[in-house]
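Trainee: Sequence first, then the predicted structure:
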Amino acid sequence: MAKEIMLHAVDIDKRFGPTHAVDHVSLDFYKGEIHALIGENGSGKSTFTNMLTGIITIGGGTFELDGEKIAPKNQVDANHHGAAVIVQEQGTLDGLTVAENMFLGDEDQFMSKGIKNTAAMYKKAQELLDGYGLAHIKATDPIEHYNFEDRKLVEIVKSTWFKPKVLVVDETTTALSQSGREELFRVMREVRDDNRTVIFISHDMGEVLEMSDTISILRDGEFIKTVDAKDVDQDGLKTLMVGRKMSEHYYREDYGQSLSGDVAISMKGVSVPGQLENLSLELHKGEILGIGGLSECGMHEVGKALFGASYNRTGEVKLGDGTPINDINAAIDHSIAYASKDRDNESLLIADTIQDNITLPSLRKMKKPLSPKHEREFAEKYAKQMSVKMVGVSQFVSALSGGNKQKVVLARWLGAESDILVLDSPTRGIDIKVKADIYNLMDEMRKQGKAILVISEEIMELIGMCDRILVMKDHKVAGELERSRDLTENDLISLMV
Amino acid sequence: MQSFLKKAKTSQWYGVGLLVVISVIIWAIFKVAAPATFGAPDKLLSYLQSALIYAVGGCGLYFICVMGLFDFSIGAMLILSELMAIAFIPRLGWLSVIVIPILVGFLLGFCNGIAYIKMHIPSIIVTTGLSLIYESFSVWVADINGTRLDDAYKLFGAYPWNLIVAVLAYLLCWFILKYTKIGTYTNAIGANELVAKNMGVDVDKYKAIAFTLCGTFVGIMSILYLGYGTAQTPQTGMLSQALNFQPLMGTFFGLAFKKYGHPVVSILIGEYIVAMIFAGFVAIGMPTTVNNIVTGATLLAIVTLTTKRVNGAVVK
């Protein structure tokens, strides 16, 4: 039986100033399929789907959804036309109840003569939550009573309950734990089995191959190719994404190196209420130390505690020479760098320029009075070193893709000549080419004697890059693993769960 | 016991209960300090009389402040609404006392909203600028029929009519917050304007509506204020700003206790606490300057103690 087209995208185009984000892309999406859209950061995947779902306006071209031409003005308008999206970042609003969030912008179904039938809205919201197996979430509760994961699950219900013809899942899985992912995958399969369409954006190639029927590749805003998922493997996809053959092994390949005896920084008996319990570790010069575990195990707090950014911390954090690190200023003064998992909110000045983001921690070391020319040259040097894809350093960081934002964060600490780097989820939401660049940079730094702490939810990244791995469970260290060719994912997982 | 307390804290009525307890404590402190002049039942009713008025203005301001905006023209709107009511009494009689303040408040609030949206500058600057204009108008309006309200029109300055009007205003505020899109959308805009916009919320429209509502509630407040005070002199040179303060206090209480789900009740009890503190200091013979210091400090203390602060959280 011939497949029926659900979404016919013709000549879709979008520019942001000088950046041609989506370059005349034409693509067909069929009914009853999960269609992955992959590409490097900045390849135009999210821009394409954001136009479809009304988050940004269409620059050019047309979307024809199930025979109807659509140009949504906003997300709710897109929903009314049958297109919905689950975004990567938090999409629910504090100050509203769960139900109000679920029906935000779409209250008209409960309105009669300008009056909202609040009881009916709560009833329907609770029925939907119960139907998705989320009875522990109460529709009448303020949304801020729930954690990030539950709020994400509320978003899934919000975006799918009305049976959209096309559901866009944009890098959502990185924000979810295993059980959350399974729930999302179940919903995606349900949409497909109902002869509707899922557009799935992910950087996790394994996940893409497992879930998708069809895969389309974008590169630098242009459409490259559509392939059948069963006809490709991960390496093939990587090659299509970056336009050249990727080395199969982009992790370190050295094994059996002994650790330096010089301790760069140590933690002793560190506790943070609800996050860490009596944690001790030593990070040596020239070492990459990995911290792994399930997302709520407390591992992300380790980076903050080490950088002096943890509140209510007890216990000791000391440099190798005994200098205590109790706050962020002491950390920066002693050459410690920190890249947070929450890149947009905790690492970057998102509404500021690339230049200001790169120079910020180095200003204290620059000659006074500050010279704008020197600052610009400084930023340009490190942005270039990190190959940040930009128009110039005066460009705002908010306009960059996720991978390029991360490069700006790393350029900042490269410029600050940090000796100790704490990198929390350094490759989160980043394409494989930038990932490879970051791994190379980490390895180079390690060889220069710098000490690197990597906190990651990606097991292969830990196995591939770290000299030692501390696996955490329930806010404590559950075990330590040495670098070895024989180390497997199962070795880590058995300690995590 | 601990789990009971934990559960109680998540109850919607915890905030209201806490405010009632604070009220009782403040009453007890002043009652001990000035047993003869403070806190008798008739006195409590007179404090309530003042609180009822400011809480109506506080309700209006809530729509603005919950979005993270401010309206500094409340005092000027209040004065102009009252003087317009007085000016039209010879022609309209009772209609002037009831309808004119609401109409003037509505129109001034609408002007604030439109100016804010069209000018694209901070609400504080827009409303401060407009308050200077409203103050000047009030000087001209005062020349029409003077500044005193005829004794025959003082009905809304005393019980039970002041209570009836105020309660109707509170019910209106509660209804708008709970049963119209305005309540949801003003909260959503305050939480994240961009996401609200993406969800199809017409942000400009709802900001304009919020300013208009604020003006309308100030209009209702001026019905009560005029009856209570019986006269209103025009103010210039931003002196009307002093009148912004008390409604704003109630709004702060409403915002601080918003998470418990009853902002209108919180605004009213908050205003009552402030009224008691003012009266308490008068009762123990403190000068007005000290009253203001202590009232301001009390407000900060209450909001600080009742706001759950997260270490490291950004507060703007």
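Mentor: Nice, I can see it.

Trainee: what's the spacing between the spatially most distant residue from the centre of chain A and A:Glu461?
Mentor: The C-alpha centroid of chain A is most remote from A:Lys113, which lies 43.3 Å away (C-alpha atoms, centre = their mean). Distance from A:Lys113 to A:Glu461, counting by C-beta to C-beta, to the nearest Å: 57 Å. (Each C-beta comes from the backbone N, C-alpha and C, glycine too.)

Trainee: Spit out the contact partners of the residue farthest from the centre of chain A.
Mentor: A:Lys113 makes no contacts at all, as judged by C-beta atoms under 8 Å, 6 or more residues apart in numbering or on different chains.

Trainee: Next, give phi and psi for it.
Mentor: phi 50, psi 40 (degrees, to the nearest 10).

Trainee: Over to the one 5 residues further on?
Mentor: Main-chain dihedrals, A:Thr118, degrees, to the nearest 10: phi -60, psi -40.

Trainee: In this structure it contacts B:Lys178, no?
Mentor: Yes: contact criterion C-beta atoms under 8 Å: A:Thr118 and B:Lys178 qualify, at 6.1 Å.

Trainee: Give me the more crowded residue out of these two.
Mentor: Neighbours per residue (other C-beta atoms under 10 Å in any protein chain shown) separate A:Thr118 from B:Lys178, with A:Thr118 holding more: 18 against 14.

Trainee: who's in contact with that one?
Mentor: A:Thr118 neighbours (C-beta under 8 Å, 6+ apart): A:Phe110, B:Lys178, B:Tyr179.

Trainee: okay if I get these as TSV plus distance to A:Ala229 and secondary structure?
Mentor: As requested, these are exported to TSV (distance: C-beta to C-beta, whole Å; DSSP: H, G, I helix; E, B strand; the rest coil):
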residue	distance to A:Ala229	secondary structure
A:Phe110	41	helix
B:Lys178	49	helix
B:Tyr179	49	helix
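
Trainee: between those residues, which is nearest A:Val434?
Mentor: Among the contacts of A:Thr118, A:Phe110 lies closest to A:Val434 (C-beta to C-beta), at 45.2 Å.

Trainee: separation between that closest one and chain B?
Mentor: With distances taken as C-beta to the nearest C-beta, to the nearest Å, A:Phe110 is found 10 Å from chain B.

Trainee: which residues touch that residue?
Mentor: A:Phe103, A:Lys116, A:Asn117, A:Thr118, A:Ala120, A:Met121, A:Lys124.

Trainee: now the helices: where do they sit in chain B?
Mentor: B:2-10, B:14-33, B:41-65, B:74-92, B:94-119, B:123-145, B:161-179, B:181-191, B:193-198, B:203-229, B:245-256, B:263-283, B:288-306 (DSSP state H).

Trainee: contacting residues around A:Ser398?
Mentor: A:Ile350, A:Ala351.

Trainee: most surrounded residue in the contacts of A:Phe110?
Mentor: Within the contacts of A:Phe110, neighbour counts (other C-beta under 10 Å) peak at A:Phe103, which reaches 25 neighbours.

Trainee: so it sits right up against A:Tyr122, yeah?
Mentor: No: counting by C-beta under 8 Å, A:Phe103 stays clear of A:Tyr122, with 9.9 Å between them.

Trainee: Can you name the residues that contact the residue nearest the centre of chain B?
Mentor: The centre of chain B sits closest to B:Gly58, judged by C-alpha atoms, centre = their mean, with a distance of 1.8 Å. B:Gly58 sits next to B:Pro247, B:Leu248, B:Met249, B:Gly250, B:Thr251, B:Phe253, B:Gly254, B:Ile267, B:Gly270, B:Glu271 when contact means C-beta under 8 Å, 6+ apart.

Trainee: Now with 10 Å, please.
Mentor: Counting by C-beta atoms under 10 Å, 6 or more residues apart in numbering or on different chains, B:Gly58 touches B:51, B:65, B:74, B:170, B:173, B:217, B:221, B:246-254, B:263-264, B:266-268, B:270-271, B:274.

Trainee: Over to B:Thr288?
Mentor: Applying C-beta under 10 Å, 6+ apart to B:Thr288 gives the contacts B:Phe278, B:Phe281, B:Val282.

Trainee: next one: A:Thr359
Mentor: By C-beta under 10 Å, 6+ apart, the contact list for A:Thr359 reads A:353, A:366, A:370, A:374-376, A:378-379, A:382, A:393, A:411-412, A:415-416.

Trainee: Give me the subset of those residues that lies in helices.
Mentor: Per DSSP H, helices hold the following members of the contacts of A:Thr359: A:His374, A:Glu375, A:Arg376, A:Phe378, A:Ala379, A:Tyr382, A:Ala411, A:Arg412, A:Gly415.

Trainee: what residue ranges in the chain score low on pLDDT?
Mentor: Here I'm looking at chain A. Applying pLDDT under 70 to chain A flags residues A:1, A:17-19, A:41, A:175, A:242-249, A:295, A:497.

Trainee: Correction: the question concerned chain B.
Mentor: Counting by pLDDT under 70, chain B shows low-confidence ranges at B:1-12, B:295, B:298-299, B:302-303, B:305-316.

Trainee: got the residues of it near chain A?
Mentor: Within reach of chain A by C-beta under 10 Å from any C-beta of the partner chain, chain B has these residues: B:10, B:12, B:66, B:175, B:178-202, B:258-261, B:310-314.

Trainee: redo that, cut-off 8 Å
Mentor: Within chain B, the residues that sit near chain A (C-beta under 8 Å from any C-beta of the partner chain) are B:10, B:66, B:178-181, B:184, B:187-188, B:190-192, B:195-201, B:258-259, B:261, B:311-312.

Trainee: Generate a ChimeraX selection restricted to the buried subset of those.
Mentor: Selection command for ChimeraX covering only the buried members of these, criterion 16 or more other C-beta atoms under 10 Å in any protein chain shown:
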select /B:66,179,180,181,184,187,188,190,191,192,195,196,197,198,199,200,201,258,259,261
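
Trainee: picking that back up, just the buried ones among the ones in helices among the contacts of A:Thr359, please.
Mentor: Buried members of the ones in helices among the contacts of A:Thr359, scored by 16+ other C-beta under 10 Å, are A:Glu375, A:Arg376, A:Phe378, A:Ala379, A:Tyr382, A:Ala411, A:Arg412, A:Gly415.
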